[in-house]
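Using only what follows, build the 3D model:
(2 chains)
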Amino acid sequence: MGRRGVFLIKTAELKVLARRLLIVFLFLTAFFFILFSKVDSVVIETANKAALDVTGPVMQVIEYPSRIIHRIYTFFYDISHLYIENRELRSENKQMMLLQNKVRALEVENQLLSRLLNYVPPAGATFISAKIIAESGDNFTHILLVFIGNEKVKKGQIVLGDESVIGRVDEVSEHYAKVILVTDINSKIPVVVERTRARAILSGDNTMMPKLIFLRSATDVQEGDVIVTSGVGGMFPAGLPLGFVNSIQGGEITVETMSDISRIEYVRIVDYGLTNDSVAEKSSESE
Amino acid sequence: MRDSLSEKFNLFFIERIPLLSTLILMFISFVPMDFVQLDYFRPLIGLLCVYYWTLKRSDLFSYCSAFMVGFFIDIYSSSPLGLNILLMLCVTTITYRLAHYFQGASFGAGWFIFGLVGLGMMLLKWLLLMIYFGRILPATEAFFNYLSTVMFYPLIVLINIKLQNRFLPQEYVNE
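Model (predicted):
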């Protein structure tokens, strides 16, 4: 075997070695990513934001035709259900009119009582509407990716669906925000049972029905009870509706969200001035 | 000079078709589908494509490609960054080893092996997530998700074969 032959063999061996080293490096990188995710590293957050900004426009382009198909489907579906829906809306309207009168009376009463107690109301909330452009890419997690444009959104802000809280902002990039849904395993929200004022935690477990945990007694709750935020912890204001108690079986209490998460096209990202940044800003202003 | 440049560009593009097609198919699978409970049946397109390309064209689908696919799945989820990367690297390693034995295997055999590889990956992911979060996670949704992924295998194979025949001409095929 000539010198050239030996050189070629050595080069091939080196290539194999380099390939093996690369594989080991990639595996190690994955392990380090997991470890850094656990400690909330800035590097991981920056990488996430950058990747969202790069892939967001691609997702928007891909999402557009699917929306058109969905709208066509909804159009024909709505037409076929027009008569029944109209009848339901009429009866709902009658109930609403009665409720409206009650609300007006309560509002006047509230104003009078507030004046008597010298009550200072909290600052009004501001919100933006954002379009959902992607859903979870993973079967073990429940997230949404929304397009926020140039609006200012902060981590921790509350996300509302049609009727209730559906999650909170987890990550914000230049034009996109990642929303963690109440059904996600990472979601834990302090709540109260509206009827009994019993405190608990609404914990997502990656099913469509989050669970009520740390409830003092099972007698504090019954099927159909409304669950609202308690305001404990300061991340969520008190009294925002979340869902109804769906079932109580063997100490496991499942909650059905009021908003149908799988049918939402747009969400409202609300700023109640409760996120950490807002609190920090306010305190620095007061100083 | 220009010809050689365009040839190089073409070659570069052709070599990246497996990765690009995987990413595009994966992003399509992330599109919101406004039908009740469909989330459970959302197939793991990334897993299917990584398996297919590693089995059929491992020369064009490297570990770095698997890393990229895993990275983008992680970005579009709330699971810890790195978890899906790790799983995709594992799929690549296992499939790469199997490819030597099943290179000329029938479609049915490929499907069956994917069923096993997918099940193993789903179980591994379930275990890793339970360790990470320190709690028991329900497996029902993951199981339905796994079934839908296995059922989508023929469609993904069909798309990838079409891509392979259309864009990866014989001179680049070294099966």
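
So which residue is smack in the middle of chain A?
Central residue of chain A (Cα atoms, centre = their mean): A:Gly167, 2.6 Å from the mean position.

Strands along chain A, start to end?
Applying DSSP state E to chain A gives strands spanning A:126-135, A:143-147, A:158-160, A:165-172, A:176-181, A:188-193, A:199-203, A:211-213, A:226-229, A:241-249, A:252-257, A:266-271.

since we're on the residue of the stretch 1-150 of chain A found nearest chain B, how many residues are nearby?
With Cβ to the nearest Cβ, the shortest gap between the stretch 1-150 of chain A and chain B falls at A:Phe33, namely 2.8 Å. Every residue, glycine included, has its C-beta placed from N, CA and C. Using other Cβ atoms under 10 Å in any protein chain shown, A:Phe33 has 24 neighbouring residues.

how close does it get to A:Glu252?
According to Cβ to Cβ, to the nearest Å, A:Phe33 stands 34 Å off from A:Glu252.

Equivalent analysis for A:Ser41, please.
On the measure of Cβ to Cβ, A:Ser41 and A:Glu252 end up 35 Å apart.

Compare those two (neighbour count), which wins?
A:Ser41 (15 against 12).

Give me the buried positions along the worst-scoring helix or strand of chain B on mean pLDDT.
In chain B, no helix or strand scores lower on mean pLDDT, DSSP states H and E than helix B:2-15, which sits at a mean of 79. Under the neighbour-count criterion of 16 or more other Cβ atoms under 10 Å in any protein chain shown, helix B:2-15 has B:Glu15 buried.

do stretch A:167-174 as well
A:Gly167, A:Arg168, A:Val169, A:Asp170, A:Glu171, A:Val172, A:Ser173.

How many neighbouring residues does the closest residue to the first one other than its chain neighbours have?
Spelled out, it's A:Gly167. Closest residue in space to A:Gly167, ignoring its immediate chain neighbours: A:Leu181 at 4.2 Å, by Cβ to Cβ, 6 or more residues apart in numbering or on different chains. Counted by other Cβ under 10 Å, the residues lying close to A:Leu181 total 27.

what's B:Thr93 in contact with, if anything?
A:Ile23 (Cβ atoms under 8 Å, 6 or more residues apart in numbering or on different chains).

that older thread, just send the strands of chain A back as a markdown table, with distance to B:Tyr146 and mean pLDDT too.
As requested, these are arranged in a markdown table below (distance: least, Cβ to Cβ, whole Å; pLDDT from 0 to 100):
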| stretch | distance to B:Tyr146 | mean pLDDT |
| --- | --- | --- |
| strand A:126-135 | 18 | 86 |
| strand A:143-147 | 20 | 89 |
| strand A:158-160 | 29 | 90 |
| strand A:165-172 | 25 | 89 |
| strand A:176-181 | 21 | 91 |
| strand A:188-193 | 27 | 90 |
| strand A:199-203 | 24 | 90 |
| strand A:211-213 | 23 | 89 |
| strand A:226-229 | 32 | 90 |
| strand A:241-249 | 26 | 89 |
| strand A:252-257 | 23 | 89 |
| strand A:266-271 | 29 | 88 |
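
Kindly state which of the ones you listed is positioned closest to B:Phe61.
Closest of those to B:Phe61 is strand A:126-135, at 24.0 Å (criterion: Cβ to Cβ).

now check that closest one, is it near chain B?
Yes: against chain B, strand A:126-135 shows contacts by Cβ under 8 Å from any Cβ of the partner chain at A:Ile132, A:Ile133, A:Ala134, A:Glu135.

possible to save the residues you listed as a markdown table with neighbour count and distance to A:Thr126?
Putting the residues of strand A:126-135 next to chain B into a markdown table (neighbours: other Cβ atoms under 10 Å in any protein chain shown; distance: Cβ to Cβ, whole Å) gives the following:
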| residue | neighbour count | distance to A:Thr126 |
| --- | --- | --- |
| A:Ile132 | 19 | 20 |
| A:Ile133 | 23 | 22 |
| A:Ala134 | 27 | 25 |
| A:Glu135 | 25 | 26 |
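
Any chance of the residues you listed in a markdown table with distance to A:Val226 as columns?
Listed next are these as a markdown table, based on distance: Cβ to Cβ, whole Å:
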| residue | distance to A:Val226 |
| --- | --- |
| A:Ile132 | 25 |
| A:Ile133 | 31 |
| A:Ala134 | 31 |
| A:Glu135 | 27 |
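
now, which of the residues you listed sits nearest A:Thr11?
Using Cβ to Cβ, the residues of strand A:126-135 next to chain B come closest to A:Thr11 at A:Ala134, 44.6 Å.

what residue ranges in chain B are flagged as low confidence?
B:1-3, B:34-40, B:169-175 (pLDDT under 70).

mind running it again at 80?
Residues of chain B meeting the criterion pLDDT under 80: B:1-5, B:33-42, B:100, B:102-105, B:141, B:168-175.

Please, where are all the helices along chain B?
Applying DSSP state H to chain B gives helices spanning B:2-15, B:17-30, B:45-56, B:63-75, B:83-102, B:107-133, B:140-151, B:153-167.

Helix B:63-75 and the third one, what's the angle between them?
Counting by axes from the mean of the first three to the mean of the last three Cα atoms, to 10 degrees, helix B:45-56 lies at 170 degrees to helix B:63-75.

list the helices and strands helix B:45-56 packs on?
Helices and strands touching helix B:45-56, by 3 or more Cβ pairs under 8 Å, 6 or more residues apart in numbering or on different chains; DSSP states H and E, are helix B:17-30, helix B:63-75, helix B:83-102, helix B:107-133, helix B:153-167.
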